Every structure is written in C-alpha cells, then in structure tokens.
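# Structure, please.
(one chain, ligands or ions: 1)
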Amino acid sequence: MTLMGVTTRLYQRKSSTAVINANAAVMMPTTRHADIFDCCWGGEERGARCKGLGLGEGKRNKRMSRFIVMKCRSKLIIPKKNPLLSMYLDNIFVYTCEFRPERYTICMNIISILRYTKSLFYSKKKSLITITIDRNALIHNLKEYQRAYPDIQFAPVLKSNAYGHGLIPIACILDKENLPFLIVDSYYEALTLRQNHIKSPILIIGYVFPETIKKSRLKNVHFTITSLSQLQTLHDLIRNPISIHLKIDTGMHRQGLLPSEIHQAITLIKHNPRLKLQGVCSHLADADSKRRKYNQAQLAQWEQSVQFFKTTFPDLKYYHISASAGLLHTDTTTHNLARLGLGLYGISTIENTKLSLKPVLKLTSIISGIKTIKKGDTVGYNNTFTASHDMTIATIPAGYSEGIDRRLSNIGQVEVAKKLCPIIGRISMNITIIDITHIPDIQVGDRVTLIHDKPLSPLSVSHIAEQCDTIPYEILIHIPPHLRREVR
Ligand SMILES: Cc1ncc(COP(=O)(O)O)c(C=O)c1O
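Take a look at the predicted model:
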C-alpha cells in the first residue's frame, strides 16, 4: 500500500472520521511514517479538522516505540516528500485513540523539536532579515568580566529572549561554560530552557505563583522570593523541597522583603526544611549613574542585612546585589556573584575602564526595491518627508515590527555598501525607506546593516538608543523572537 493509496482512501471518506492506523503505517515499506504525520498537519493547516493529538507507546515490529496519535476529519492533503524529516521521524507513526488534552502540550513540544531539527537542515535558506550572533564576542565578554573581577562568579541574565539575542542560541553557548546558574525572569522561560535540553542550573528572578512553584517538576531551578507574603504562602503550601534566593529591598522599592521583615523570614525558613535557602540578593536602583550617594545607602543597608544571614546560615552559597553596572560600586561589598545582563552582550551604559567589550548582535537586511522620485514628492505614512530634489530611494523589508525603532523615522541611518544612508519618512510596520541618491550601482538584494556590532558605529545599539531617547535594553528586546538568529 502506498501513501497515495491511504490518503486517497481517506479523502473519499469525507463525512466519517478519517483514521490512519499503525498497521497501515507499518504496511507501507516505501513511505516513511513522517509523510503521514506531515500530511495530517498539512491537512489541519489547510482546513481539515484534526480532532486531537496525543502521545503514547505502541508496538511496531515487536519493538516498543513512541507514536503520535491523531484523529482527523475531512480531507487530508498529500505532503511534498521530505526525506530529511522522515529520517528523524522514523520512530513515529500515526495511530488512533481518544484525544487527551493533557498530552497535547507534550505532543506540541515534540513537534517543535522536530521542526527545529528540520530547520537546522534548511537553515541555509535566504532570509530577508538576518540577526547574527557572534559566539566569540559573547564568550569574550564573559571572560573579560571573569578576568577583571576574579573574586566573584558571574551568572548571565537571559531574560526577555536573552536581551533580544535569542534565548536558546545564547543558552546553548553558555550551557558549556559551567556557570553557577542562568538567570531568567519567568517560569515559562525556565521551562523553555529545560524543554530545549539546557542543563545548567537556573535562577528565576521574577515573581512566580506559589502554586506554580509547588507543582513545578523542573530540576535544578531556583526561585527568587520577592515578598514576605510569598514566602509565607510557600511555607504553608509546599510539600517538596524548593531552592530559593531571598530578595531584600535595600532601597529600590520594587521587589524584595523590607529589612524589617528579615527576622520573620529567617524564622520561617529555619522552621521549614523544605525551604532550601541558596542565596540572598538585592538590586541597585541607580548603578548606572555617576551619583554615588544612593548606591552607597543601598550598599550600607545590604551589609546590615547580610550579617543576619551570615550568622544564621553560615553555609549560604550566594550573595548577589550587582548587575553589569553595579560592579563599579561594589569593590568592598560582601558579595560573591554578579548577575550579568547588558555587559555580557557587549554593551555598556557606563564607562568601565577595566573592561573591553564587544557587541554580540548585528541586524542586517536587504534592499527590496529601488525607485526615483521627483522634487516635491513625499515619502511614507503621513507625508512626513518631502524630497528637496530628485532622489533615488530604496525600501528595506524591515520595520518597527522587526525591531527597527519607529522613533528613528526621518533621523536614523542604515549602512549600504559601507556608506551611511538616511532613513526617510515614517518607518512602517514592516518597511523602512532610505535615501540612496548618493550611492550609485545599488541593486535589489544588496545587504543593508540596520544594527551594527561595531561599538563606535552610528548604528550601534547604544547610539540608536540615544537617538530614540531610550536605553539600549529597549532597542534590543524589541527585536522579535520569530526572526532567526544565526550563531557564528
Ligand atoms: C534583578 C536584575 N538583576 C540583573 C539584571 C541585569 O542587569 P544588567 O543588564 O544591567 O546587567 C536585571 C536587569 O534588568 C535585573 O532586573
């Protein structure tokens, strides 16, 4: 029986439930099970109603193997043959059973892993926008911090899609560096790391519902306790041991227990062996400014708080208050770890002469269209640009949805053929228009740099942030996750 035979039969049974069973799959020596699998998905996307997906174990050729189960209605579409994907799906075949919603997520995860595997083989496809991640620069920056501050350890901050660099690509690089932990903001990010086989310990620094912590099955994940009430709820709720870092509010007044609540917290932790205290932390509110006063006040409060923990928990592993900029203020501070965000990605909001950092990310696109306009013509939404002379202009298929900040409209620049070209008119959702009058011989398909990895370039993240009257963090995290990151 061929695949065509099966699908045709299913197609004819329009009104009844279409069933592909394991035997049919095994009986198809010339086709891979992947084809059926692909076929069902293609069908769903194109309107065939799949009733459900699940995951189970089954016997095939006297061997136990995993299989995708699926029940679908109406027509199925025959997919293009996909030998590479089939290779990886060799152990998967289609079977029918009742829909089990709780297994839907597991199944979707498998599908995303398979799609990712497939994408590895097809990653050579040309894309309109390329985000390049420089692995060497990332490691260089980490080593720079380790060299300049040999007495403390560093934990990279990977929240907000690793500051726009791509959570998984960055985690994959850092996973091999034997770091104390990777820091994320949410439980979801921690889950994503584990689903992608990242093995390093993880610290979640954002708030997590106590119920989520209670139910968590994630291994080697530490939770930050951000208030006394959260600690109290956890104390009453949890049945299994959890690793926690206690955040102290030393003056930022955002997250953390007030110093006056420390004694209560210590009592709760001491009386509940399931609350495993791994660290104490805080955060500086004004670390990236030249003013020293507020930092000093916070650090004094920190030193006082730390003493209580040192006496009650002499073996406590981690004390951390500093992020990238905070290191300028913490030479004499009691701490043994710093949470490294922006600096790790090679960008600095302050001058730190101990370090020479390299930006990690570069964003390029192409010229997608060229035209000439006459003096007096206007460009883009709301006619905010009027040509003062006849001009040659070009479009780039990237706009504010792709991370090109709309505030760069009429003031930003891009680089084409090593020359700067002004952005003209309003940046649209997916298109930016530039003036290329001064550069002859530009052709459709030529490369354009929109964010440069050269720190002194006018297209550097820091410079763009200045032009937009914002901070580099915001420019970076607005680069959307769906764009492919190429690690070089
Ligand atoms: C609590 C906390 N720690 C560390 C960081 C990392 O800061 P930076 O990127 O300045 O190194 C942040 C960033 O927002 C943070 O909120």
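# Pass me the low-pLDDT residue ranges in the stretch 151-300 of the chain, would you?
By pLDDT under 70, the stretch 151-300 of the chain contains no weakly predicted segment.
# Please work out which residue of the stretch 251-400 of the chain is closest to the ligand.
Gly341 (2.2 Å; Cβ to the nearest ligand atom). In this view, the C-beta of every residue, glycine as well, is placed from N, C-alpha and C.
# Does that residue touch Gly164 like I think?
No: assessed by Cβ atoms under 8 Å, Gly341 is found out of contact with Gly164, at 11.5 Å.
# Comparing those two, which shows the higher neighbour count?
Neighbours were counted for Gly341 and for Gly164 using other Cβ atoms under 10 Å; Gly164 has more, 26 against 21.
# Now the phi/psi pair for the more buried one, please.
Main-chain dihedrals, Gly164, degrees, to the nearest 10: phi 80, psi 0.
# how close does it get to the ligand?
12 Å (Cβ to the nearest ligand atom, to the nearest Å).
# so what's that residue up against?
Neighbouring residues of Gly164 by Cβ atoms under 8 Å, 6 or more residues apart in numbering: 361, 403, 476-479.
# Include pLDDT when you put these into TSV, please.
Listed next are the contacts of Gly164 as TSV, based on pLDDT from 0 to 100:
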residue	pLDDT
Leu361	98
Gly403	98
Leu476	98
Ile477	98
His478	98
Ile479	98
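# need the contact list for the residue nearest in space to the middle of the chain.
The C-alpha lying nearest the average C-alpha coordinate of the chain belongs to Asn161 (Cα atoms, centre = their mean; 2.3 Å). Going by Cβ under 8 Å, 6+ apart, Asn161 touches 167, 477, 479, 481.
# beta partners for the residue in the stretch 51-200 of the chain that the ligand sits nearest to?
Proximity of the stretch 51-200 of the chain to the ligand (Cβ to the nearest ligand atom) peaks at Val157, 4.4 Å away. Assessed by DSSP bridges, Val157 has beta-bridge partners Ile183.
# need the contact list for Ile204.
Ile204 sits next to 183-187, 189-190, 221-224 when contact means Cβ under 8 Å, 6+ apart.
# mind listing which of those are in strands?
In strands, defined here by DSSP state E, the members of these are 183-184, 221-224.
# so the residue of the stretch 51-200 of the chain closest to the ligand sits right up against Leu340, yeah?
Yes: contact criterion Cβ under 8 Å: Val157 and Leu340 qualify, at 6.2 Å.
# so what's in contact with these two at the same time?
Ala323.
# State the distance from Glu303 to Thr332.
9 Å (Cβ to Cβ, to the nearest Å).
# re the thing from before, could you dump the contacts of Gly164 into CSV with distance to the ligand and secondary structure added?
Putting the contacts of Gly164 into CSV (distance: Cβ to the nearest ligand atom, whole Å; DSSP: H, G, I helix; E, B strand; the rest coil) gives the following:
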residue, distance to the ligand, secondary structure
Leu361, 14, strand
Gly403, 18, coil
Leu476, 10, helix
Ile477, 10, helix
His478, 15, coil
Ile479, 16, coil
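# Which of those residues sits closest to Phe385?
Of all the contacts of Gly164, Gly403 has the smallest distance to Phe385: 21.5 Å, by Cβ to Cβ.
# Tell me who's in contact with that closest one.
164, 363, 451, 475, 478-480, 483.
# of all those, which two lie farthest apart?
Checking those with Cβ to Cβ, the most distant pair is Ile475 and Leu483, at 14.4 Å.
# quick revisit: can you say which two of the contacts of Asn161 are spatially most distant?
Spanning the widest gap among these are Leu167 and Ile479, at 12.2 Å by Cβ to Cβ.
# Could you pull up the contacting residues of the residue of the stretch 251-400 of the chain closest to the ligand?
156-157, 159, 163, 323-324, 473.
# Now with 10 Å, please.
Contacts for Gly341 (Cβ atoms under 10 Å, 6 or more residues apart in numbering) come out as 155-160, 162-163, 183, 323-325, 347, 473.
# now Ser243
181, 201-203, 220-223, 275-279, 317.
# Not counting its neighbours along the chain, what's nearest it?
Leaving aside its sequence neighbours, Ser243 sits nearest to His222 (Cβ to Cβ, 6 or more residues apart in numbering; 4.2 Å).
# Would you check that that neighbour makes contact with Gly279?
Yes: under the criterion of Cβ atoms under 10 Å, His222 makes contact with Gly279 at 7.3 Å.
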